[in-house]
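Asks: coordinates only, sequence not included:
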């Protein structure tokens, strides 16, 4: 029982909203508390993960081996702009991460792209930013010079 109380206290301190159902006999389901704490911890961890690097992506697979076309498109767009130094998390390796990042961003699909801890969007948004030139500007705000600017100068 003491471990249940400690778990609940940790969960409350972390800011998780805890609603623990009671059984007719007065017992509390400890699994619910553990689940809520794990979810709260994951959301906190995700908040730290997206702020750790200037560019963070959650993709299916790895940059070297994307496992879906949309993840591949995100990797290729970043590559075209010369963005090689970014954090990439493979959501196929961890189901909790895969579902948790969707809750964290309130965005239902993978891949997901973050700049300086802020959610940018998925493949469609990054592609649109690439096509209309906004991505060059956003990368500049991060202190990253797009390789496309150099390619443009060389072609003139």
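Replies: Everything's here; your move. Quick caveat, the model's predicted, so the values are computed rather than measured.

Asks: Pull the number of nearby residues for the spatially closest residue to residue 67 that is not a sequence neighbour.
Replies: Once flanking residues are discounted, residue 67 sits nearest to residue 61: 3.3 Å by CB to CB, 6 or more residues apart in numbering. All C-beta atoms are positioned from the backbone trio N, CA, C, and that covers glycine. The tally of other residues near residue 61 (other CB atoms under 10 Å) stands at 18.

Asks: ok, so what distance separates residue 61 from residue 124?
Replies: 18 Å (CB to CB, to the nearest Å).

Asks: Next: residue 55.
Replies: To residue 124, residue 55 is 18 Å away according to CB to CB.

Asks: neighbour count winner among these two?
Replies: residue 55 (22 against 11).

Asks: leaving aside the residues next to it on the chain, what's closest to the more buried one?
Replies: Nearest to residue 55 is residue 86, by CB to CB, 6+ apart, at 3.7 Å.

Asks: mind checking how far that neighbour is from residue 132?
Replies: 21 Å.

Asks: Pick out whichever of those two has more residues nearby.
Replies: A direct count of neighbours by other CB under 10 Å for residue 86 and residue 132 places residue 86 higher, at 17 against 10.

Asks: Am I right that that one is in contact with residue 62?
Replies: No: using CB atoms under 8 Å, residue 86 makes no contact with residue 62, being 11.9 Å away.
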